[in-house]
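**Q** can you look at this prediction? I've put the sequence above it.
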Amino acid sequence: MPPKGAPAPALDLREQFTGWTADRLHATACSTGITPGPAPIRRLNRDEYTATLCDLLDIHLDIGASLPAEGAGGEGFDNAAETLFLSPLLSEKYMELAKFAMDFAAKEYKPRTQILVAKPGSGVTPKQAAQAILQAFLPRAFRRPVEEADVAPYLALFEAAQKKGQAFEPAVFFALRAALVSPMFLYHAEPPSDAAEPRLLDPYALASRLSYFLWGSMPDELLFDVAASGKLNDPAVLKELVARMLRNDRSLIFAQRFVEQWLRTRELGGDKSPDPQLFPTYAADEELRSDIRFQPILFFRELLLRNLSVLNLIDSKYTIGTSNLEKHYGIELPLNPKAKKQPQWVELPAGSHRGGLLGMSAVLAVSSYPYRTSPVLRGAWILDSILGTPPPPPPPNVPPLEEAHGGAAPTSVRERLTRHRADPVCASCHSRIDPLGFALENYDAIGRWRTEDAGKPVDNSGELPDGTKFQGPEQLKAALIERKDLFLRNLTDRMLGYALGRGLTLKDSCAVDDIVAQVKDNGYQARTLIEGIVLSAPFRYQAAGRPQSKEEPQKP
């Protein structure tokens with residue numbers, strides 16, 4: 001902070017200093033090569049908990065609906081260890097849900113049959129049958145092999161229940177219920193390392209990292225088998241598994257959770273709901289809202305499945321189309337006439353203005369106010385979500401943008417922002433933010449194309465402080481393609497943080513350098529990004545053993 005009464009350094013000077021500092025710290029951190037960072041223990045978040053219970057018990061219920069939603073941490077995701085605490089209230093909820101889930105599974109034929117793999121009978125005591133059930137169930141629940149010492153506490157619970165008069169099956173389900181509130185189930189547990197150097201991660205822990213990254217749930221039988229074979233850490237095997245897992249329908253869960261949090265489109269339907277009086281069609285058509293929400297998710301997944309360039313996220317000649325989106329955007333799409341309601345990968349017509357994320361209503365709506373567009377919100381969204389260079393927070397006591405009032409002559413948002421930027425305190429940041437948003441002013445607050453705002457032609461021109469000029473979304477996207485390395489690094493940062501479930505450290509930035517280089521060398525292919533993360537040192541290796549008090553510094 002400057003001395004009291006002295007002006008703060010100009011934004012350019014501050015950025016020069018912080019950039020220089022970050023470069024020096026990065027060079028020092030990477031001088032000894034790429035090493036894995038810390039792996040703090042973390043709880044399954046609400047979505048992971050629900051998916052894991054459903055896969056483990058083979059039931060189909062939204063078990064975690066009553067659990068509180070987690071906040072964003074790490075690189076902006078709700079699976080970050082920094083935010084996944086366990087409160088007494090949450091512990092009680094887990095106990096209630098474990099009982100509910102196990103009672104439900106006990107009444108359903110298929111889950112019940114899969115759980116009760118043994119029963120008392122000729123030559124088999126109740127204890128022996130219970131032990132066989134536990135030995136089959138616990139390795140899947142704990143996502144690793146179990147030893148006799150792991151089984152013993154649950155077998156003791158079974159015997160205690162029987163001593164109180166419970167029949168065999170209720171006593172077994174009572175013991176299994178206890179496993180569902182064990183830390184070995186509720187947490188991503190990995191064997192601690194006491195090695196002096198980084199080492200390959202335990203294969204079962206790696207199977208879980210891979211499964212929760214690309215499926216958001218526990219490993220399936222094949223992943224468990226590959227881990228047991230000792231081949232999971234083979235890079236060639238991992239690449240084959242990545243391709244298989246992305247083809248699986250469960251990879252849609254990864255696409256949805258990653259994309260909605262990265263782009264913040266998860267906020268649609270909450271505080272970011274467009275005003276129903278101003279946009280009645282959007283408010284009344286649930287099918288349209290669903291198509292808008294899933295368009296960027298399905299587009300991202302298709303890039304992975306087709307192994308196309310991630311630069312399609314900035315601009316593309318393809319999109320996801322439905323008859324609802326076709327009508328909403330006012331364009332003709334080459335949809336399969338027999339399935340026009342179903343999302344389809346289609347080629348955009350010339351002049352559609354819809355290529356890439358910036359032409360999608362989900363992005364345009366979430367970066368608007370409910371009642372109007374906002375070049376400031378849209379520009380800040382591009383700087384943060386696309387380029388990874390978020391603007392600084394606004395200074396205190398800055399007056400809000402003057403809104404249009406009844407009786408006054410209509411003014412466009414751009415005209416009001418021009419007056420707002422007359423304040424030199426505001427101008428330094430707004431000169432970077434607003435031009436990006438101005439280029440998107442042809443899109444209204446729900447992403448429909450328009451040529452007028454407040455009865456005047458839309459002015460979609462912009463100029464950045466470095467002299468880059470553009471007009472409209474096409475030229476803006478061309479300017480962003482010129483900055484594609486910033487975009488790729490930001491996407492890699494976000495995805496690595498999501499995959500690891502924690503905030504990145506300076507040491508992780510060395511791995512990011514390597515992954516970015518691989519993706520660039522392979523034509524920006526989407527699958528190369530996934531493979532680069534899965535094969536990276538932070539993902540496959542475990543840090544050397546060390547005192548818990550020592551932590552890596554976070555990225556500046």
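**A** On my side now, so go ahead.

**Q** residues contacting stretch 272-290, please?
**A** 268-269, 292, 324-325, 328, 341, 365-366, 368, 370-371, 445-446 (Cβ atoms under 8 Å, 6 or more residues apart in numbering). For the C-beta atoms, the positions are set from N, CA and C on the backbone; glycine is no exception.

**Q** one more pass at 7 Å, please.
**A** N324, H328, A365, V366, P370, Y371, A445, I446 (Cβ atoms under 7 Å, 6 or more residues apart in numbering).

**Q** can you report how many residues neighbour the last one?
**A** A count of neighbours around I446, defined by other Cβ atoms under 10 Å, yields 23.

**Q** again with the second one
**A** By the criterion of other Cβ under 10 Å, H328 has 19 neighbours.

**Q** same check on A207?
**A** 25.

**Q** pull the distance from the helix or strand hosting it to the chain's centre.
**A** Assigned by DSSP states H and E, A207 falls within helix 203-214. A distance of 16 Å separates the centroid of the chain from that of helix 203-214, by Cα atoms, centre = their mean, to the nearest Å.

**Q** which helices and strands does that helix pack with?
**A** If you count contacts as 3 or more Cβ pairs under 7 Å, 6 or more residues apart in numbering; DSSP states H and E, helix 203-214 packs onto helix 221-229, helix 235-247.

**Q** mind listing the strands for the protein?
**A** 42-43, 187-188, 199-200, 318-321, 344-347, 452-453, 456-457, 461-463, 469-471, 541-542 (DSSP state E).

**Q** relative to K163, which of those strands is closest?
**A** Nearest to K163 among those is strand 187-188; the distance by Cβ to Cβ comes to 30.7 Å.

**Q** low-confidence ranges, the stretch 301-450 of the chain, go.
**A** Scanning the stretch 301-450 of the chain for pLDDT under 70 picks out the ranges 395-411, 417-428.

**Q** ok, back up a step: of the contacts of stretch 272-290, grab the buried ones for ChimeraX.
**A** Applied in ChimeraX, the following selects the buried portion of these according to 16 or more other Cβ atoms under 10 Å:
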select :324,328,365,366,370,445,446
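
**Q** of the contacts of stretch 272-290, which belong to helices?
**A** Those of the contacts of stretch 272-290 mapping onto helices are N324, H328, A365, V366, per DSSP state H.

**Q** tell me the one of those nearest A228?
**A** For the ones in helices among the contacts of stretch 272-290, the nearest to A228 is V366 (43.9 Å; Cβ to Cβ).

**Q** how close does the residue nearest to P203 when sequence neighbours are not counted sit to V237?
**A** With Cβ to Cβ, 6 or more residues apart in numbering as the criterion, P203 has its nearest non-adjacent residue at 4.0 Å, and that residue is A227. With distances taken as Cβ to Cβ, to the nearest Å, A227 is found 11 Å from V237.

**Q** tell me the pLDDT at S208?
**A** Predicted confidence (pLDDT) for S208: 98.

**Q** number of nearby residues for it?
**A** 25.

**Q** ok, P473 next?
**A** 23.

**Q** and it, what's its pLDDT?
**A** 98.

**Q** that one and R354: what is the separation?
**A** Separation of P473 from R354 (Cβ to Cβ) stands at 9 Å.

**Q** ditto for V516
**A** Counting by Cβ to Cβ - V516 and R354 are separated by 28 Å.

**Q** more neighbours: which of the two?
**A** Between V516 and R354, counted using other Cβ under 10 Å, the more crowded position is R354 (25 against 19).

**Q** my guess is that one meets Y329, correct?
**A** Yes - R354 lies in contact with Y329 (Cβ atoms under 7 Å); the separation is 6.0 Å.

**Q** between A227 and V237, which has more neighbouring residues?
**A** A227 (23 against 13).
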